[in-house]
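Participant: Prediction below, plus the sequence it came from.
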Amino acid sequence: MKARLCEQLMLRNSPVAIHTDPLRALGIALKYGFTTSVELASSIASQQYDFGTSENLKKLLEVIQDPAVAALVKAIGIPFVKSRTLREVLFQFRQQPMRITNDIESMVCSICRAASADSFTRCPIEWQARWASWMFDNIKNRSISVWKDFFALSNVHNAFYQPHLPPTITYSRSGSQVGVCSCMSLLLGPSQKAFQPWADGVYKYLESQLGFIRELEAKIDEIDP
């Protein structure tokens, strides 16, 4: 029976043919250990589906309930999608949700506002750039279910004052010092109220973009705990 099934997978006019439905065929080949069929089905499936998208990763897991596939998706597919989405969102400082539009005076000092708005430098706000980099490094390899706490105001200090970065930011123009960033005094001050709504907006946007991935992470834990 196994020999016949293996043969059917390779026949183009078979109802279980690899060329007709490579994902289904891959599941069968994995189940019965048909090495050649696994390689062919994997190759064809990778050409037909972009497994760098959450939708196709979900489709793969729906068809193939196999711990080996779940482990592969968990190790490669999901991190790829998460990292790509995080880069596309966190480092686009002039686009929503990263762009600061509400109550900017309480989150960005006048020196940094001027530097960011300068048509010549157009540099990102320093604390925001550090926060985005810190956030990316700390959540990219963690389950989305535990991301929320990283967006708390209490982590701004950790994001800005990193050992490899200077604690003081000085701006200069034409060789003369213009001023020193005082954003931390605003963000860590007792009256700070604008940061958390902004950070929550970034978190909710990421959560909406990666909803499928969060579902996949839960599904994979069921298949490959």
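Facilitator: All right, it came through fine.
Participant: who touches Leu165 in this structure?
Facilitator: Contact analysis of Leu165 by Cβ atoms under 8 Å, 6 or more residues apart in numbering lists Arg130. C-betas here are computed from N, CA, C, even on glycine.
Participant: Wait, a helix at it?
Facilitator: No: under the criterion used here (DSSP: H, G, I helix; E, B strand; the rest coil), Leu165 is coil, not part of a helix.
Participant: ok, it to Trp127 distance?
Facilitator: 11 Å (Cβ to Cβ, to the nearest Å).
Participant: now do Phe151
Facilitator: From Phe151 across to Trp127, the span is 14 Å (Cβ to Cβ).
Participant: And the strands in this protein?
Facilitator: In the chain, the strands defined using DSSP state E lie at 170-173, 176-180.
Participant: nearest to Pro22, of those strands?
Facilitator: Proximity of those to Pro22 was assessed by Cβ to Cβ; the nearest stretch is strand 170-173, lying at 56.0 Å.
Participant: and the closest one, what does it pack onto?
Facilitator: Contacting strand 170-173 under the criterion 3 or more Cβ pairs under 8 Å, 6 or more residues apart in numbering; DSSP states H and E are the following elements: helix 110-117, strand 176-180.
Participant: Parallel or antiparallel, which strands does it pair with?
Facilitator: Each strand that pairs with strand 170-173, with its direction, by DSSP bridges: strand 176-180 (antiparallel).
Participant: residues in contact with Leu153?
Facilitator: The contact partners of Leu153, taken as Cβ under 8 Å, 6+ apart, are Leu187, Gln192, Phe195, Gln196, Ala199.
Participant: burial of the closest residue to Glu217 other than its chain neighbours, as a residue count?
Facilitator: What sits nearest to Glu217 in space, not counting adjacent residues and going by Cβ to Cβ, 6 or more residues apart in numbering, is Ser143, at 5.3 Å. In terms of burial, Ser143 registers 14 neighbours under the definition other Cβ atoms under 10 Å.
Participant: Give me the helix or strand of this structure that scores worst on average pLDDT.
Facilitator: Across the helices and strands of the chain, mean confidence by mean pLDDT, DSSP states H and E is lowest for helix 67-72: a mean of 69.
Participant: sorry, back to before: any idea which of the contacts of Leu153 is least confident?
Facilitator: In terms of pLDDT, the least confident member of these is Gln192, at 90.
Participant: thinking again about what came up before, quick check, nearest of the contacts of Leu153 to Arg4?
Facilitator: Within the contacts of Leu153, distances to Arg4 taken as Cβ to Cβ reach their minimum at Ala199, with 58.9 Å.
Participant: wait, isn't that closest one in contact with Ser154?
Facilitator: No: at 10.9 Å, Ala199 does not count as touching Ser154 under the criterion of Cβ atoms under 8 Å.
Participant: For the two, work out which one has more neighbours and name it.
Facilitator: Just comparing Ala199 and Ser154: by other Cβ under 10 Å the higher neighbour count belongs to Ala199, 19 against 9.
Participant: how near is that one to Ala152?
Facilitator: When Cβ to Cβ is the yardstick, Ala199 and Ala152 sit 8 Å from each other.
Participant: Buried residues, stretch 164-184. List them.
Facilitator: With burial defined by 16 or more other Cβ atoms under 10 Å, the residues of stretch 164-184 counted as buried are Ile169, Tyr171, Gly179, Cys181, Cys183, Met184.
Participant: same check, this time on stretch 103-113
Facilitator: Residues of stretch 103-113 classed as buried under the neighbour-count rule (16+ other Cβ under 10 Å) are Ser106, Met107, Val108, Cys109, Ile111, Cys112, Arg113.
Participant: Lovely, talk soon.
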